[in-house]
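In: coordinates for the following, if possible.
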Amino acid sequence: MAWLRVPLLLLVLGSAPWCSYAQAPTVHGFEAGLPPAAQVTGEAAVVADPVHGGAGALRVEPGGVVVIPVSEKPAYGTVTIRYYDAGTQLEDEKQYAFGPLVGLRDADGGDVVYGRIYARYLAGNTGYGYINAVTGQWASRLWAG
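Out: Here you go, the predicted structure:
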């Protein structure tokens, strides 16, 4: 079962008032649960194991989406996301599938999504790829190394 683990920091998509030009860096762990502005579609829960640090990790079941707003207005900064991946390996040489995906969404609904691509021809069990979702090219499967 593949699932997403995001301890200590943020799974981001959206907009809310805790990250802007003048504010100090914000670190969000999941020890106290999800922030009130979070939107959950599908199954997601804060779990105690496994975690990278702290005492909580966000577990999102396959097909689930969690949106955690980070800024109401344009902002400059860095978002760090850590996630656990089961490392699925596919048998068929030509088969591919997506693993956990994480990303950012701007106020206009543009998405940039990054995540694991399982594909033997891309050494998909040892590297990462990303999707050019901003331009709607969901099947672009770009290689990130």
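
In: following element in sequence after the helix or strand where Phe98 lies, please.
Out: Element membership for Phe98, per DSSP states H and E: strand 96-105. As assigned by DSSP H and E, the chain's next helix or strand after strand 96-105 is strand 111-119.

In: can you tell me the strand partners of that next one and which way each runs?
Out: strand 96-105 (antiparallel), strand 129-132 (antiparallel) (DSSP bridges).

In: list the buried residues for the first one?
Out: Okay, so that is strand 96-105. For strand 96-105, the buried set under the neighbour-count rule, 16 or more other Cβ atoms under 10 Å, comprises Tyr96, Phe98, Gly99, Pro100, Leu101, Val102, Gly103, Leu104, Arg105. C-beta coordinates here come from the backbone N, C-alpha and C atoms, glycine included.

In: again with stretch 62-78
Out: Neighbour count says stretch 62-78 has Gly64, Val66, Val67, Ile68, Pro69, Val70, Ser71 buried, by 16+ other Cβ under 10 Å.

In: how about these, which pair is most distant?
Out: Within the buried residues of stretch 62-78, two members stand farthest from each other by Cβ to Cβ: Gly64 and Ser71, at 23.2 Å.

In: in the chain, what spans have low per-residue confidence?
Out: Scanning the chain with the threshold set as pLDDT under 70 gives 1-28, 85-88, 115, 117, 120-145.

In: mind giving me the domain ranges of it?
Out: Domain assignment for the chain by automatic domain parsing gives 1-84, 96-143.
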